[in-house]
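**Q** sequence plus the predicted model coming up.
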Amino acid sequence: MAHTDIAATGWIRFLPFRLRSYALLCRLDRPIGTWLLWLPGLWGILLPPGVPMADRWRLALLFAIGSLAMRSAGCVINDMWDRDIDRQVARTAGRPLASGAVSLPEAFALLALLLAAGLAVLLCLPPLCWALCTGSLLLVALYPLAKRVTWWPQLVMGFTFGFGAPAGYAAATGRIDAALALLYGAAILWDLGFDTIYGFQDIRDDEAVGVKSTSRLWADHPRAFVGSCYAGFLALLALAGWRAAIGFWFYPALLLPAALAIRQVRQLDILDAPRCLRLFRANRELGLAVALALLLGRLPG
């Protein structure tokens, strides 16, 4: 049986066929993508000093709603671009647009609804975020094209998914500074590492179709590449904490996400697609561990 990450199980299976197809198009069966989009935003909200905790939690809730809407919108855009390629890849052949369960006009209508929801959240944020997040839409639109023109589409994905980090920081502080830039760099490298792991699931199909990826580019040295991405991510994260004058406990608490990252690298086997998917999903716990370290760094005293 071909490996697939589509799972019309749980609450999804109780939906009528049409709604189930829309839910699958938005990847609501796989909330990991929403987590991975939201977590860098949460880091950006927690990192800066001098922000009341009540404001941090309010922003975290807004970013959670926005992450759900924009991750779903990104999936719709991705599947519009890739529907012909998806039909040729075992893992993605059952996606609603590739299989014909959802038509292209229906997908456009759903996309408009999701973008409206994202806009509603954006209007609740400071004006600086309006400019930043509007600019990020270009990245969302261009990311699916990257795999056709560069061996580094996962890096483009990092700039796209990691954008929550500067947006969260700007929402909490109303400014752009060096700590924001360092945190954004950390998020980009984290995304580059885990999306390369994700891409190992499709490496044979991508070779046959001609899709480029860092997974194919670094297939001979996967652990060295992913490990380097995670090492850079943790180093930039520590520098961001230092630049933001975070408290002492942030640094020993970083040992937990470091241990989780090392575990992923040690267990990586590019020939085991289900394991690659499990390691990719394990980044939710890694991202939450980073959030915990930031919270500990902001404890008073």
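**A** Okay, I see it.

**Q** just the buried residues of the least confident helix or strand in the chain by mean pLDDT, please?
**A** Sorted by mean pLDDT, DSSP states H and E, the helices and strands of the chain end with helix 127-149, the least confident at a mean of 80. Buried residues in helix 127-149, defined by neighbour count with 16 or more other CB atoms under 10 Å: 128-129, 132-133, 136-137, 139-141, 143-144, 146-147. Every C-beta, even on glycine, is put in place using the N, C-alpha and C of the backbone.

**Q** same list, those, but as CSV with distance to A116 please.
**A** Compiled in CSV, the buried residues of helix 127-149 are given as follows (distance: CB to CB, whole Å):
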residue, distance to A116
L128, 22
C129, 17
L132, 19
C133, 14
S136, 17
L137, 13
L139, 20
V140, 15
A141, 16
Y143, 21
P144, 21
A146, 26
K147, 28
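
**Q** list the contacts of A219.
**A** By CB atoms under 8 Å, 6 or more residues apart in numbering, the contact set of A219 is F200, I203, I270.

**Q** so where's the chain shaky on pLDDT?
**A** Applying pLDDT under 70 to the chain flags the ranges 1-9, 301.

**Q** what's the single longest helix in it?
**A** helix 53-86 (DSSP state H).

**Q** who does that helix touch, helix- and strand-wise?
**A** Using 3 or more CB pairs under 8 Å, 6 or more residues apart in numbering; DSSP states H and E as the contact criterion, the elements in contact with helix 53-86 are helix 17-25, helix 32-46, helix 96-99, helix 104-122, helix 127-149, helix 164-173.

**Q** hey, which of those helices is tucked in deepest?
**A** helix 164-173 (a mean of 27; mean count of other CB atoms under 10 Å).

**Q** next, the residues that contact it from outside, please.
**A** 37-45, 47-48, 51, 55-56, 59, 62-63, 67, 125-126, 128-129, 132-133, 136, 176, 179-181, 183-184, 186-187.

**Q** gap between the residue nearest to L114 when sequence neighbours are not counted and A54?
**A** The shortest distance from L114 to any non-neighbouring residue, by CB to CB, 6 or more residues apart in numbering, is to A73 (4.0 Å). Using CB to CB, to the nearest Å, A73 is found at 29 Å from A54.

**Q** compare the two (neighbour count), which wins?
**A** Using other CB atoms under 10 Å, the more surrounded residue of A73 and A54 is A73, with 23 against 8.

**Q** and F233, its phi and psi?
**A** When read as degrees, to the nearest 10, the backbone of F233 gives phi -60, psi -50.

**Q** shift numbering so it begins at 844
**A** Let's use 844 as the start, then, which means that last one is F1076.

**Q** looking at the buried residues of helix 970-992, which one is closest to A1104?
**A** Checking these against A1104 by CB to CB gives Y986 as the nearest, at 23.7 Å.
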